[in-house]
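**Student:** Fold the following, please.
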Amino acid sequence: MSAMVQTGWTAQRWTAVFIEQVEMFRKAVAGADPAADVPTRPGWTVQDLVVHLARFLQTSTAYLSTGSRAAMPPPPPPAGLSPLEYLDLQVTEAAEVLAAVPGNRPVWTFSPAAPDLAWVWHRRIAHETVLRRFDAQTVVRQVVATDADLCVDGIDEVLTTIVAAKLDGDVPTMTPGTAVVRPTDVPESWLISLASDEAPEIRAAAPGEEGDAQVTGEAELVYFWLWNRMNLKEMTGDQRVLDVLQVGRGH
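**Tutor:** As a prediction, this is how the structure comes out:
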């Protein structure tokens, strides 16, 4: 088990990412037809996307604001608001809560591989907002590049936190194996080891090291491939292991 938080990533920095990304999300959805389809999320409309992000922010920031040490049922959405009004309310509240809560505050988190500390939520909120910004920008065909350093942190979150949460939920795996994830444009690399009924083990991959599966490509492509947003040709090895890593199906 590992928590390979990249040097320089703090609750304050993830909060800044959230604010930047949610502003771009808001701009994209404001310029889109609420009934338009979202290309990256088959079956979703722009309105669905707006409500999803608002609901996610309301639910996730509740842990930070209450400091709950146990899982809580989602709070009911406020009545009488349009989807954009609901979003704006939750964005304002999330920005205040994220800025006020220190990253080392004890709180329940969603993955058996993550510490029960608030920074896990700061990180999750930042990257969920990146993904939804990407989704929204595909609607208006104005997708902007994502910083490689942010993508590296997102890759690390998937491998050290999200994969374990996926395997702990309703998608258990009986596929033991290893994978090396090695972006081509940054120095970071990971080796993830999967074993039945155990949380994955993560460590830095050694130079030239290979696993049962390999994932390579620019950090942005790897990041969005893990979340099932982009195609990635530079994959080899055990497809069952690759399927475990790709956590964004249906998300």
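
**Student:** burial count for residue 43?
**Tutor:** Other residues near residue 43 come to 8 when the count uses other Cβ atoms under 10 Å. Where you see a C-beta, it was placed from the backbone N, CA and C, and this is true even at glycine.

**Student:** secondary structure element for it?
**Tutor:** In the assignment (DSSP states H and E), residue 43 maps to no helix and no strand.

**Student:** Show me how the protein divides into domains.
**Tutor:** Split into domains by automatic domain parsing, the chain comes to 11-140, 172-245.

**Student:** And the average pLDDT for the last one is what?
**Tutor:** The average of the pLDDT scores along domain 172-245 is 92.

**Student:** Can you tell me the strand partners of the longest strand anywhere in the chain and which way each runs?
**Tutor:** Scanning the chain for the strand with the most residues, using DSSP state E, yields strand 177-183. For strand 177-183, the paired strands and their directions (DSSP bridges) read strand 190-194 (antiparallel), strand 213-217 (parallel).

**Student:** Let me know which of those strands is the nearest to residue 127.
**Tutor:** Shortest separation from residue 127 across those is recorded for strand 190-194, at 16.0 Å, computed as Cβ to Cβ.

**Student:** what's around the residue lying closest to residue 64 once chain neighbours are set aside, how many residues?
**Tutor:** Nearest residue to residue 64, sequence neighbours excluded (Cβ to Cβ, 6 or more residues apart in numbering): residue 101, at 4.5 Å. Around residue 101 there are 21 other residues, counting by other Cβ under 10 Å.

**Student:** wait, what's in contact with residue 101?
**Tutor:** 11, 64, 65, 118, 122 (Cβ atoms under 8 Å, 6 or more residues apart in numbering).

**Student:** likewise residue 56?
**Tutor:** So residue 56 contacts 125, 128 (Cβ under 8 Å, 6+ apart).

**Student:** Okay, and it sits in which element?
**Tutor:** Using DSSP H and E, residue 56 falls in helix 46-66.

**Student:** picking up where we left off before, could you identify the pair within the contacts of residue 101 that is furthest apart?
**Tutor:** 11 and 65, at 14.1 Å, using Cβ to Cβ across these.

**Student:** Please say which of those two ends up with more neighbours.
**Tutor:** Using other Cβ under 10 Å as the criterion, residue 11 and residue 65 rank with residue 11 on top: 23 against 15.

**Student:** Quick check: the gap between that one and residue 124.
**Tutor:** 12 Å (Cβ to Cβ, to the nearest Å).

**Student:** ok, now residue 178?
**Tutor:** Where residue 124 is concerned, residue 178 sits at a distance of 25 Å (Cβ to Cβ).

**Student:** Residue 139 is in contact with residue 46, correct?
**Tutor:** Yes. Between residue 46 and residue 139 there is a contact under Cβ atoms under 8 Å: 5.9 Å.

**Student:** which residues in the stretch 1-150 of the chain form helices?
**Tutor:** 11-30, 46-66, 83-100, 119-140, 148-157 (DSSP state H, counting those that start in this stretch).

**Student:** on that earlier part again, export the contacts of residue 101 as a markdown table, with columns for pLDDT and distance to residue 194.
**Tutor:** Below are the contacts of residue 101 laid out as a markdown table (pLDDT from 0 to 100; distance: Cβ to Cβ, whole Å):
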| residue | pLDDT | distance to residue 194 |
| --- | --- | --- |
| 11 | 96 | 30 |
| 64 | 97 | 31 |
| 65 | 96 | 35 |
| 118 | 98 | 28 |
| 122 | 98 | 27 |
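
**Student:** Tell me the one of those residues nearest residue 151?
**Tutor:** Using Cβ to Cβ, the contacts of residue 101 come closest to residue 151 at residue 122, 17.2 Å.

**Student:** Could you pull up the contacting residues of that closest one?
**Tutor:** Applying Cβ under 8 Å, 6+ apart, the residues near residue 122 are 11, 14, 15, 18, 64, 98, 101, 103.
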